[in-house]
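Undergrad: Quick one: sequence and predicted model below, then my questions.
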Amino acid sequence: MAVKIEGIQSGSQAEALGILPGDMLLSINGQEITDVLDYRFLETERVLKLVLSRDGESYTVDLTKPQYREIGLEFETYLMDREHSCRNQCIFCFIDQLPRGMRETLYFKDDDDRLSFLFGNYITLTNIDDREVERILKMHISPINVSVHTMNPELRCTMMHNRFAGEALRHLYRMAEGGCKLNCQIVLCPGINDGAELEFTLEKLYGLGENLLSVACVPVGLTRYREGLYPLKPYTRESAGEVLDILERYGEKFLRERGSRTVYGSDELYLLAGKKLPPVEFYEDFPQIENGVGMLRNLEDEFLWALEDMELPEGPRTVTVPTGECGAAFLDSMLDELRGKCHNLTVNLVPVKNDFFGGSVNVTGLLTGQDIVKQLKSRALGDEVLIASNMLRANEDVFLDDMTLTELGKTLGVPVRKFSCTGEAMLCALLGAEAPTAIGHNPYEQSSWERV
């Protein structure tokens, strides 16, 4: 496969060797380049022979470089080809529950093993074959994040509406046997893959051995746009508690026998069950924090740590913070620590009902600008409205309904400040202080809605 070179980095070896934009990269050290994984893997060699073509004529370039220095080639897309889309029609898929008229990228279902390794996206294994698994093992690509949902092959076919979904589990076993580290997630649907089926799945995952790094279990998210879809119901306080009993029992088993808890329930499950979130130590190194596992506890720990040394404002200040209904009580309790130290600061935490998606959707990351406006416009908002960055598109100040932060501020008539989702950044925003430098975002917009 030939890959078109779109640009050359200034000062790079590629520039010094006369490689030009528009040239085609054919192979490196005799191996064809199909995508970014091939390119990055082969680029790490010190001695390279590149075969390229220009205007239909092939030519060869030999070079020697430090092992991990880049050659300096740039391509049209990061992956060097198109993203792989999902072949499944999962009964819980969030994308199938979206209303019409949203931006096009939100309707794309990715199922790309390259994005799993590079950016932490989850894959179902139904979109790869044995050859791709061998490439993963050959290149020592690890970890891989896998959407398991169930280890019962027949049930997996039903849940994913794909007759090959059960058979695809062989890839999971092969990767574990080959030394690939695995993070797994389970989207739990009441009465379908919880209870005895969840215990079966956790037993099978235990059998994967030491290469299983973590398992995150999250409750299904249901919007009001489910007409014609598989009948699902949300978790209740009782059923969420029953799930957590299973997860904590297996977590103790992993901890006792393997030295790591491995199995976790999401924060949302604890809040639904009305149970207190576990302490920071419970989550070890927070292996599934991006899946909402320990996110609130970590936020609180960072917040309280930063509060110990933060300089408090001298003058009065009032801010309004919209948040999802799910974690509002926990956050309000956390903010009481700040209120107790800074009496001239008024923090109005406002739980915003998600009318846009409706159903059981109540997390902060799925709030829209229009719902925030609707539920804040009649309030006294103070000096600023503070918006958590997880409500916004990566690297852009745009909500899911395409309202911008600027539009939100104009509509509400007060300044709006965005803060990154760390305890320190949140505290800085509350106090009106300069925020720490934000960590870079995944350049790919979040499209694995099942991770919500």
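TA: Thanks, I have it.
Undergrad: could you point out where the stretch 101-250 of the chain is predicted with low confidence?
TA: 107-108, 110-120 (pLDDT under 70).
Undergrad: ok, Leu312 - contacts?
TA: Counting by Cβ atoms under 8 Å, 6 or more residues apart in numbering, Leu312 touches 341-342, 345, 431. (Each C-beta comes from the backbone N, C-alpha and C, glycine too.)
Undergrad: Filter those residues down to just the ones in strands.
TA: Residues of the contacts of Leu312 located in strands (DSSP state E): Leu345.
Undergrad: Show the buried residues in the contacts of Leu312.
TA: Buried subset of those (neighbour count, 16 or more other Cβ atoms under 10 Å): 342, 345, 431.
Undergrad: Pull the contacting residues for Leu232.
TA: 91-92, 189-190, 192, 220, 222, 226.
Undergrad: how about 7 Å then?
TA: 91-92, 189, 220, 222 (Cβ atoms under 7 Å, 6 or more residues apart in numbering).
Undergrad: Over to it: give its phi and psi.
TA: phi -130, psi 150 (degrees, to the nearest 10).
Undergrad: do the same with Lys410
TA: Torsion angles, degrees, to the nearest 10, at Lys410: phi -60, psi -40.
Undergrad: Can you pull up the most central residue in the chain?
TA: Relative to the mean C-alpha position of the chain, the nearest C-alpha, by Cα atoms, centre = their mean, is the one of Glu290, at 5.0 Å.
Undergrad: ok, back up a step: out of the buried ones among the contacts of Leu312, which is nearest to Ser214?
TA: Leu431 (34.5 Å; Cβ to Cβ).
Undergrad: Hmm, that closest one is touching Leu307, no?
TA: No - Leu431 lies out of contact with Leu307 (Cβ atoms under 7 Å); the separation is 9.5 Å.
Undergrad: so the residue sitting furthest away from the middle of the chain bridges to which residues?
TA: Going by Cα atoms, centre = their mean, the residue of the chain most distant from its centre is Glu57, 43.6 Å out. Listed beta-bridge partners, Glu57: Arg54 (assigned using DSSP bridges).
Undergrad: try Ser147
TA: Residues in beta-bridge contact with Ser147 (DSSP bridges): Gln185.
Undergrad: Any idea how many residues pack against it?
TA: Ser147: 23 surrounding residues under other Cβ atoms under 10 Å.
Undergrad: just the one 5 residues further on next, same as before
TA: By other Cβ under 10 Å, the residues close to Asn152 number 17.
Undergrad: Surely it is in contact with Leu202?
TA: No - in this structure, Asn152 is not within contact of Leu202 by Cβ under 7 Å, at 11.8 Å.
Undergrad: which neighbours do these two share?
TA: With Cβ under 7 Å, 6+ apart, Asn152 and Leu202 have no common neighbours.
Undergrad: After the lengthiest helix in the chain, which helix or strand is next?
TA: Assignment by DSSP state H gives helix 237-258 as the longest helix of the chain. Under the assignment DSSP states H and E, the closest C-terminal helix or strand after helix 237-258 is strand 263-265.
Undergrad: And the pLDDT for Ile91?
TA: If you check Ile91, the pLDDT there is 93.
Undergrad: again with Lys341
TA: 91.
Undergrad: Quick one: residues contacting it.
TA: Each residue near Lys341 by Cβ under 7 Å, 6+ apart is listed here: 307, 312.
Undergrad: start the count at 21, not 1, going forward
TA: Got it, the first residue is 21 from now on, which makes the last one we talked about Lys361.
Undergrad: Could you check how many residues crowd around the residue lying closest to Ser73 once chain neighbours are set aside?
TA: Spatial nearest neighbour of Ser73, chain neighbours left out: Met44 (4.6 Å); criterion: Cβ to Cβ, 6 or more residues apart in numbering. Residues lying near Met44 (other Cβ under 10 Å) number 17.
Undergrad: Show me what Met44 bridges to in the sheet.
TA: Judged by DSSP bridges, the bridge partners of Met44 are Lys24, Ser73.
Undergrad: That one contacts Ala22, doesn't it?
TA: Yes - Met44 is in contact with Ala22 according to Cβ under 7 Å; the separation is 4.2 Å.
Undergrad: Show me the common contact partners of these two, please.
TA: Ser73.
Undergrad: Residues in contact with stretch 434-446: which ones?
TA: By Cβ under 7 Å, 6+ apart, stretch 434-446 touches 319-323, 325-326, 401, 404-410, 412, 417, 425, 428-429, 449, 455-456, 458.
Undergrad: Now the buried members of these.
TA: 319-323, 326, 401, 404-410, 412, 417, 425, 428-429, 449, 455.
Undergrad: Next step: these restricted to strands.
TA: 404-408.
Undergrad: Identify, from these, the entry nearest to Arg107.
TA: Distances from Arg107 to these, taken by Cβ to Cβ, are shortest for Ala408, at 33.6 Å.
Undergrad: Would you mind confirming that that closest one is in contact with Leu386?
TA: No - look at Ala408 against Leu386 with Cβ under 7 Å: they stay out of range, at 11.7 Å.
Undergrad: ok, Leu249 touching Asp116?
TA: Yes - the criterion here is Cβ under 7 Å, and Leu249 meets it with Asp116 at 6.1 Å.
Undergrad: okay, the two: which has more neighbours?
TA: Using other Cβ under 10 Å as the criterion, Leu249 and Asp116 rank with Asp116 on top: 18 against 15.
Undergrad: What distance do you get for the closest residue to Asp421 other than its chain neighbours to Arg120?
TA: Nearest non-adjacent residue to Asp421, counting by Cβ to Cβ, 6+ apart: Thr388, 4.0 Å away. Look at Thr388 and Arg120: by Cβ to Cβ, to the nearest Å, they are 15 Å apart.
Undergrad: repeat for Lys296
TA: Distance from Lys296 to Arg120, by Cβ to Cβ: 40 Å.
Undergrad: which of the two has more neighbours?
TA: Applying other Cβ under 10 Å to Lys296 and Arg120 shows that Lys296 carries more neighbours, namely 9 against 6.
Undergrad: how close does the more buried one sit to Phe302?
TA: The value you get for Lys296 to Phe302, if Cβ to Cβ is used, is 11 Å.
Undergrad: all helices of the stretch 21-170 of the chain, in order?
TA: Applying DSSP state H, counting those that start in this stretch to the stretch 21-170 of the chain gives helices spanning 33-36, 56-63, 133-139, 150-158.
Undergrad: which one of those lies closest to Asn382?
TA: Nearest to Asn382, of all these, is helix 133-139, at 26.4 Å by Cβ to Cβ.
Undergrad: one step back: and the residue nearest to the centre of the chain, helix, strand or coil?
TA: Under DSSP: H, G, I helix; E, B strand; the rest coil, the three-state class of Glu310 is helix.
Undergrad: so what pLDDT did the nearest residue to Glu94 once chain neighbours are set aside get?
TA: Nearest residue to Glu94, sequence neighbours excluded (Cβ to Cβ, 6+ apart): Gly27, at 3.7 Å. Gly27 is assigned a predicted lDDT (pLDDT) of 92.
Undergrad: Thanks again, I'm all set now.
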